[in-house]
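Student: sharing a sequence plus its predicted fold:
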Amino acid sequence: MTLDPTRLAPMANAIRALSMDAVQAANSGHPGMPMGMADVAAVLWSKYLKFDPSTPDWADRDRFVLSAGHGSMLIYSLLHLSGYAHPTMEEIRNFRQLGSPCAGHPENFLLDGVECTTGPLGQGLAMAVGMAIAERHLNAEFGDDLVDHRTWVVAGDGCLMEGINHEAIGIAGHLKLGRMIVLWDDNQITIDGSTDLSTSEDIRARYDATGWHTVACDGHDPADIQRAIDEALADERPSLVACRTVIGKGAPNKQGTSATHGAPLGADEIAAAREELGWTSEPFEVPEAILADWRATGERGAKARGEWHARLAGSDRKGEFERRMAGDLPAGEDAAQAFADWLGKDQKVATRKASELALEVLTPLLPEMIGGSADLTGSNNTKTKAMEPLTVDNYGGRYVYYGIREFGMAAAMNGMALHGGVIPYGGTFLIFSDYCRNAVRLSALQQTRAIYVFTHDSIGLGEDGPTHQPIEQVMSLRLIPNLNVFRPADIIETAECWNLALQTKGTPSVLALSRQNLPQLRHEGEMLSAKGAYRLRAAQADRKVVLIATGSEVQVACDVADALESQGIGADVVSMPCMELFEVQDEAYRRDLLPADALKVSIEAGSTLGWERYTGTDGLQIGLDRFGASAPAEELFAKFGFTAEAIVPKIQAKLGL
């Protein structure tokens with residue numbers, strides 16, 4: 001297909017006009033990037049991108065990621081012009097306004113065609129790495145007939161400066177993800193001004209060094225853009241296309257400056273831009289001939305989609321492919337029976353080991369599970385016998401060695417989950433969740449089924465000391481909306497938490513797991529963890545105390561209850577593996593579990609802040625509001641008061657005994 005530059009220029013100008021008008025109407029936004037990358041986008045949409053606006057969830061569509069999410073009017077313009085049902089012109093007119101799906105930064109849950117939520121710079125590109133991994137993996141599983149698409153990224157200087165970019169491109173280069181192409185908006189401008197103010201690195205050389213193919217082009221010359229993309233397509237490595245552009249292209253007095261980056265152009269400059277571009281239409285109007293050219297860009301994809309559906313209909317893998325892409329789980333009788341059998345045993349293992357045992361049951365039954373670890377496989381216990389490494393020589397493998405790249409791993413997991421067809425999980429130490437926290441937050445915001453295996457969850461990890469001992473991490477993760485944070489007490493709760501994590505399509509999960517061995521506390525009951533908290537032991541004497549604990553401290557709570565009962569003080573023990581699930585239980589259940597007429601005591605080897613919600617201000621919070629120390633776990637629990645001997649006197653004093 002030969003591109004007609006006389007048609008492409010007006011198509012690109014339609015993007016420029018919509019972008020500057022929408023930002024002006026909102027009196028807020030970023031017109032410079034979409035105006036600068038309009039020519040590149042017009043070429044990509046017209047010749048290369050495989051999509052069908054009538055079926056936006058087509059499984060074999062190309063994935064387009066606007067990593068530079070501040071330039072959101074680029075993708076809103078593209079979606080509208082190319083014929084997606086949304087955004088409508090009215091929705092674009094209400095850019096950044098309450099109720100419009102055209103949010104300040106693109107959000108995947110508001111618009112079809114927005115593959116992921118972007119705005120935190122660098123994460124879009126890093127999520128695209130995950131999408132490219134998922135594509136290659138599913139291609140190895142289902143073949144070219146069903147899975148054969150590309151991942152395209154538009155990224156800016158900020159995306160390439162962020163530290164996560166180093167992690168992400170290292171993974172992509174190592175795995176030789178040649179169906180991933182990054183179009184770099186090389187405009188040499190950031191918010192502060194010229195990039196010369198803050199960087200002098202050779203970006204292309206850095207990408208070359210990580211195993212990428214790189215090429216440069218004039219980002220305003222359609223023929224040169226096409227040449228560069230064709231070169232990228234011909235290379236087996238992932239590609240960076242450095243598109244030299246002028247930010248705010250078309251605004252005669254502000255283009256090429258940071259003034260166009262994050263503020264409206266102003267009425268006078270927009271009028272001058274209209275004259276410069278030869279754009280005579282009123283705001284939010286696109287001439288029919290230009291709109292027709294844009295609507296034609298989806299025709300190639302519609303034909304490809306029809307051919308793909310025919311192949312799918314004739315495939316003996318149709319049912320399995322559709323199941324995986326829908327994110328539905330297969331029948332779980334085998335797993336349920338295996339876990340039920342555990343109730344009759346007495347296994348004292350660390351919950352990280354319990355997680356491994358659960359995964360040994362689950363991964364053979366769920367081929368869509370792709371695991372990994374940030375260089376802590378032997379500590380996180382995340383690899384099972386059913387899993388081979390996913391490598392450049394075996395994309396069909398199901399275990400990713402991410403290296404020491406926690407942030408890159410978490411973002412890639414988001415990309416895999418958003419791509420569909422796989423359920424990603426990945427491990428690191430809980431203390432290093434801070435390295436990847438913003439990606440965990442995006443997991444929650446984007447409603448992805450990403451599962452984080454965070455081990456070594458407290459001072460119970462012992463001798464590695466306070467640099468590695470989490471204090472505030474568990475409670476701080478609970479602050480993130482739409483994130484289930486599980487801290488299981490034993491092997492039974494761990495299996496239940498894995499089941500619950502897998503069953504929540506629209507909610508990511510954290511499993512906070514112990515390094516130290518924990519006794520099996522449960523030998524009966526089915527999926528009690530599903531309520532978030534439950535009565536593990538009921539008081540024998542008249543109940544005066546309710547002990548609420550999580551993880552390794554549930555055993556401590558049982559010891560405390562035994563000591564209190566021996567003195568005639570009745571004490572319930574409530575295990576609370578997941579606060580978030582407890583919060584959605586009905587009021588009657590919550591009141592029954594935490595009655596108003598009992599002293600409520602929380603026990604968790606971490607920050608006490610937040611436990612007042614359950615203990616009340618007149619209760620007791622046993623925790624740790626200081627850093628730990630380097631010593632064996634048993635000595636640390638004694639030193640910091642996580643023993644019956646230390647806790648019982650505090651309860652007695654509170655009861656006035």
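Tutor: Here it is on my side, so go on.
Student: parallel or antiparallel, list what pairs with the one helix or strand Val154 maps to.
Tutor: Taking DSSP states H and E as the criterion, the element that holds Val154 is strand 151-155. Taking DSSP bridges as the criterion, strand 151-155 forms sheet pairs with strand 63-66 (parallel), strand 180-186 (parallel).
Student: any chance of these in JSON lines, plus distance to Ile548 and mean pLDDT?
Tutor: Bear in mind the C-beta positions are built from the backbone N, C-alpha and C, glycine included. JSON lines is the format used below for those (distance: least, C-beta to C-beta, whole Å; pLDDT from 0 to 100):
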{"stretch": "strand 63-66", "distance to Ile548": "43", "mean pLDDT": "98"}
{"stretch": "strand 180-186", "distance to Ile548": "47", "mean pLDDT": "98"}
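Student: can you name the element that comes right after the strand holding Val154?
Tutor: Moving toward the C-terminus from strand 151-155, the next element (DSSP H and E) is helix 157-161.
Student: would you map the helices across the stretch 101-250 of the chain?
Tutor: With DSSP state H, counting those that start in this stretch as the criterion, the stretch 101-250 of the chain has helices at 123-142, 157-161, 163-175, 203-209, 222-234.
Student: remind me what the top helix by length along the chain packs against, helices and strands.
Tutor: As assigned by DSSP state H, the longest helix anywhere in the chain is helix 5-26. Other helices and strands packing on helix 5-26, by 3 or more C-beta pairs under 8 Å, 6 or more residues apart in numbering; DSSP states H and E, are helix 32-36, helix 38-43, helix 72-82, helix 89-93, helix 222-234, helix 267-277, helix 288-295.
Student: of the strands paired with strand 151-155, which is nearest Arg441?
Tutor: Taking C-beta to C-beta as the criterion, strand 63-66 is the member of the strands paired with strand 151-155 that comes nearest to Arg441, at 17.9 Å.
Student: related to what we said a few turns ago, now the strands paired with strand 151-155 in TSV, with mean neighbour count and distance to Ala541?
Tutor: Formatted as TSV, these follow (neighbours: other C-beta atoms under 10 Å; distance: least, C-beta to C-beta, whole Å):
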stretch	mean neighbour count	distance to Ala541
strand 63-66	27	61
strand 180-186	28	64
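Student: same list, these, but as a markdown table with distance to Glu583 please.
Tutor: Shown next, in a markdown table, are those (distance: least, C-beta to C-beta, whole Å):
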| stretch | distance to Glu583 |
| --- | --- |
| strand 63-66 | 33 |
| strand 180-186 | 40 |
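Student: right, and those strands - which one's nearest Pro508?
Tutor: When these are ranked by proximity to Pro508, the top entry is strand 63-66, at 19.1 Å, counting by C-beta to C-beta.
Student: just the C-alphas of the longest helix of the chain, formatted as CSV.
Tutor: These are the backbone C-alpha positions of helix 5-26, laid out as CSV (Å, rounded to 0.1, in the frame of the first residue of the first chain):
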residue,chain,number,x,y,z
PRO,A,5,0.8,12.4,1.5
THR,A,6,-1.9,14.8,0.1
ARG,A,7,-4.4,12.8,2.1
LEU,A,8,-2.2,12.1,5.2
ALA,A,9,-1.6,15.8,5.9
PRO,A,10,-5.2,16.7,6.4
MET,A,11,-5.7,13.5,8.4
ALA,A,12,-2.9,14.5,10.7
ASN,A,13,-4.3,18.1,10.9
ALA,A,14,-7.6,16.7,12.1
ILE,A,15,-5.8,15.3,15.1
ARG,A,16,-4.1,18.7,15.7
ALA,A,17,-7.3,20.6,15.4
LEU,A,18,-9.3,18.3,17.8
SER,A,19,-6.4,18.3,20.3
MET,A,20,-5.9,22.0,20.5
ASP,A,21,-9.7,22.7,20.5
ALA,A,22,-10.4,20.1,23.3
VAL,A,23,-7.6,21.3,25.5
GLN,A,24,-8.7,24.9,25.0
ALA,A,25,-12.3,24.0,25.8
ALA,A,26,-11.2,22.3,29.0
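Student: flag every buried residue along that helix.
Tutor: The neighbour-count criterion (16 or more other C-beta atoms under 10 Å) identifies 7-26 as the buried residues of helix 5-26.
Student: re earlier: and of the helices of the stretch 101-250 of the chain, who's closest to Leu418?
Tutor: For the helices of the stretch 101-250 of the chain, distance to Leu418 was read as C-beta to C-beta. The smallest value, 6.7 Å, belongs to helix 123-142.
Student: what's the closest one packed up against?
Tutor: Helix 123-142 is packed against strand 63-66, strand 151-155, helix 157-161, helix 163-175, strand 180-186, strand 369-373, helix 406-419, helix 437-446, with contacts defined by 3+ C-beta pairs under 8 Å, 6+ apart.
Student: could you redo the last one with a cut-off of 7 Å?
Tutor: Other elements packing on helix 123-142 under the criterion 3 or more C-beta pairs under 7 Å, 6 or more residues apart in numbering; DSSP states H and E are strand 63-66, strand 151-155, helix 163-175, strand 180-186, helix 406-419.
Student: pull the distance from the longest one to the chain's centre.
Tutor: What it means is helix 406-419. The offset between the C-alpha centroid of helix 406-419 and the centroid of the whole chain comes to 5 Å, using C-alpha atoms, centre = their mean, to the nearest Å.
Student: just after it, pick out the following helix or strand.
Tutor: Following helix 406-419 in sequence, per DSSP H and E, is strand 423-429.
Student: pull up the pairing partners for that following strand, direction included.
Tutor: strand 369-373 (parallel), strand 451-455 (parallel).
Student: quick one on the thing from earlier: so which of the helices and strands packed on helix 5-26 is nearest Cys497?
Tutor: For the helices and strands packed on helix 5-26, the distance to Cys497 is smallest for helix 72-82, at 36.6 Å, taking C-beta to C-beta.
Student: contacts for the closest one next, please.
Tutor: Contacts made with helix 72-82 from outside it, assessed by C-beta atoms under 7 Å, 6 or more residues apart in numbering, are listed as 14-15, 18-19, 22-23, 29, 31, 33-34, 37, 41, 45, 53, 66, 87, 89, 92, 95, 102, 104-106, 111, 113-114, 286, 291, 294-295, 297-298.
Student: stretch 253-261 now?
Tutor: Judged by C-beta under 7 Å, 6+ apart, the contacts made with stretch 253-261 from elsewhere in the structure are 30-32, 189-193, 246-249, 251, 265, 269, 272.
Student: just to check, Gly119 is in contact with His70?
Tutor: Yes - with contact defined as C-beta atoms under 7 Å, Gly119 and His70 form a contacting pair (6.5 Å).
Student: of these two, who's got more company?
Tutor: The residue with more neighbours, out of Gly119 and His70, is His70; 23 against 19, by other C-beta atoms under 10 Å.
Student: excluding chain neighbours, give the residue nearest to the more buried one in space.
Tutor: Nearest-residue entry for His70: His30, 4.4 Å, with adjacent residues in sequence omitted and distances by C-beta to C-beta, 6 or more residues apart in numbering.
Student: show me the contacts for the one you found.
Tutor: By C-beta under 7 Å, 6+ apart, the residues touching His30 are Val23, His70, Gly71, His261, Gly262.
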